[in-house]
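# predicted model follows, preceded by the sequence.
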Amino acid sequence: MANEFQPLQGMSDIYAPEIYLWRMMEERARAVFNAYGYDELRTPSLEKLSVFKRSIGDTTDVVKKEMYSFKPSKHELALRPEGTAGTIRHLAGRGEEGLNARVFYIAPMFRYERPQAGRKRQFHQVGVEATGEANPLADAECIAMQKNLLDAWGLTGSKIQISTRGEPSDRKPVAEGLRAALRPFENELCEDCQRRIDENVLRVIDCKNESCGKIVDQIPSAIEFMSPASRDYLDQVVEALSAMDIEVTVNPKLIRGLDYYVHTVWEISHSALGAQDALAGGGRYEIALGKKGIPGVGFAIGFERAIMALNACGITGEQFAPDGGIWLVSLGEAALKENMKLARELRAKGIRCGMELEAKSMKAQMRKASRSGANTVVIRGDEELEKGIAVVKDMAEGSQQEISLEEFVRDA
RNA sequence: GUGAUUGUAGCUCAGUUGGUUAGAGCGCCUGGUUGUGGCCCAGGAGGUCGGGGGUUCGAGUCCCCUCGUUCACCCCA
């Protein structure tokens, strides 16, 4: 395809029939969130760069190298790479009520990365945030709601993995403990991990390199270096989930990169996705904005990845296409004008109604009607106009009958 | 940022060791008796072979650059 008609690299136009799937997902998401008492929040796509730097962490790759940022005037700005930072920025501004809020968003996110399967530069997430002090039940409810949503979409075969990052005070002992445990194996680790051991030990834990994995299996998990309170917190989350019959796997090797996470973190993966098999993630966080720290828990689901998984489940956009509606066939100029009026009446009733706007052969009009997916075709020519009737054809059956126009409009 | 892969009609793809007006299937349009779709038949429209440079008598086919696609790494949804 010619370049000038293509969207930017890593960005896509979304159109029928796939758009029908998007709409279904959005509608059901709103319904599920409503059932849990969440309200929708729409924040701007563009924020001050500092909003993201402070909350996501300015050493993370997302902030360091994946943001679309620029400085049009006084402030340095950035397109949001995720939804939590902006949401918390908003809630923090609402004072006390922002500390006990439940909101959701459905919005595009932007990350300047090389595209690959399930990874776009503009991608879409549906996410929620529930602010409030750390509480295992809040985390469990959040996961339950997320599962609820995936079920509502008809997604099967996804797996929830859960772990904990512990409290902020656990970070040092965890990092030091892991480093000490890894040192003896340092030379056997891959190049990346040898660098990561000092830079970001946690990343060694989820290295995909096979030999690194074997070493990691031999050393204690990060959780084992945490305080009893942190471990107890995770146990309570898992217990609450099992009470709700939600299956999760505790995976201490699960690492989530954003700095703001504390305690519970989780990821939902699906085998249909390829190398990037996580379609959703979530966790508890503590985000410092100004003088206050906002505690909360939330999740995000990637639309594009969820769609790949849904497609693998045999769920596609076609299945959610609108009703085929009615097609009007006009024979002659007079009928054409009369059908314009008829179409207006039908459309006012919310019926999908199409017609050819120029005089064409009946065959051409029928062909178009058929391809439009219309269930019903109304044929009118001079004869019908004179008698005040319409020939109504059922496209699936192939049968047709004459009925009075008045009656047809009334029953349509 | 790194490493691969691929780029020919709306879509899926053929195009032999570089050689005359670039093909197929599907789709689209128009016909096949006067007012009837989906099947069948016939005809037709539609391509600066992603773009730019180079080699050559001659390039869709070779070389270089560039822009995209797809996939993987880093990282993340």
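Yep, it's here.
# show me what the closest residue to A:Ala343 other than its chain neighbours is bridged to.
In space, and not counting its chain neighbours, A:Ala343 is closest to A:Cys353: 5.0 Å by Cβ to Cβ, 6 or more residues apart in numbering. For every residue, glycine as well, the C-beta is placed using N, CA and C. A:Cys353 has the following beta-bridge partners by DSSP bridges: A:Ile326.
# surely A:Cys353 touches A:Gly325?
Yes: counting by Cβ atoms under 8 Å, A:Gly325 is a contact partner of A:Cys353 at 5.6 Å.
# which stretches of chain A have low pLDDT?
A:1-3 (pLDDT under 70).
# domain assignment for it?
A:3-167+A:226-318, A:322-411 (automatic domain parsing).
# mind giving me a markdown table with these and columns for mean neighbour count?
Formatted as a markdown table, those follow (neighbours: other Cβ atoms under 10 Å):
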| stretch | mean neighbour count |
| --- | --- |
| domain A:3-167+A:226-318 | 18 |
| domain A:322-411 | 16 |
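# and these as TSV, adding distance to A:Gly177?
Formatted as TSV, the domains of chain A follow (distance: least, Cβ to Cβ, whole Å):
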stretch	distance to A:Gly177
domain A:3-167+A:226-318	9
domain A:322-411	57
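# those domains: which one's closest to RNA strand B?
Among those, domain A:3-167+A:226-318 comes nearest to RNA strand B, with 1.3 Å by Cβ to the nearest atom of the strand.
# near RNA strand B, anything from the closest one?
Yes: counting by Cβ under 7 Å from any atom of the strand, RNA strand B is contacted by domain A:3-167+A:226-318 at A:3, A:6, A:8-10, A:60-62, A:66, A:82, A:111, A:113-120, A:123, A:125, A:255-258, A:267, A:274-276, A:278-281, A:300-302, A:304-305.
# what about A:His263, which helix or strand?
Applying DSSP states H and E as the criterion places A:His263 in strand A:261-270.
# other SSEs contacting that strand?
helix A:136-153, strand A:158-164, helix A:228-243, strand A:278-289, strand A:292-302, helix A:303-312 (3 or more Cβ pairs under 8 Å, 6 or more residues apart in numbering; DSSP states H and E).
# the longest one: how far from the chain's middle?
Going back to what we said before, that points to helix A:136-153. Computed by Cα atoms, centre = their mean, to the nearest Å, the separation of helix A:136-153 from the middle of its chain amounts to 14 Å.
# please work out which residues outside it touch it.
For helix A:136-153, the external contacting residues (Cβ atoms under 8 Å, 6 or more residues apart in numbering) are A:24-25, A:28-29, A:31-33, A:35-36, A:126, A:128, A:130, A:132, A:158, A:160, A:162, A:233, A:236-237, A:239-241, A:244, A:246, A:248, A:263-264, A:266, A:268, A:280, A:282, A:284, A:297-299, A:301, A:306, A:310, A:315.
# ok, the strand holding A:His263: who's next to it in the sheet?
Sheet pairing of strand A:261-270 (DSSP bridges) gives strand A:158-164 (antiparallel), strand A:278-289 (antiparallel).
# what's the angle between it and helix A:228-243?
Calculated by axes from the mean of the first three to the mean of the last three Cα atoms, to 10 degrees, strand A:261-270 forms an angle of 40 degrees with helix A:228-243.
# then strand A:261-270 to CSV, C-alphas only?
What follows is strand A:261-270, C-alpha atoms only, in CSV (Å, rounded to 0.1, in the frame of the first residue of the first chain):
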residue,chain,number,x,y,z
TYR,A,261,4.1,-1.1,42.6
VAL,A,262,4.0,-2.3,46.1
HIS,A,263,2.6,-5.6,47.5
THR,A,264,0.3,-7.5,45.1
VAL,A,265,1.2,-7.6,41.4
TRP,A,266,-0.3,-9.9,38.8
GLU,A,267,-0.4,-10.7,35.2
ILE,A,268,-2.9,-12.5,33.0
SER,A,269,-1.5,-14.4,30.0
HIS,A,270,-2.9,-16.3,27.1
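# just how off-centre is that strand within its chain?
Taking mean C-alpha positions (Cα atoms, centre = their mean), strand A:261-270 and its chain are 16 Å apart.
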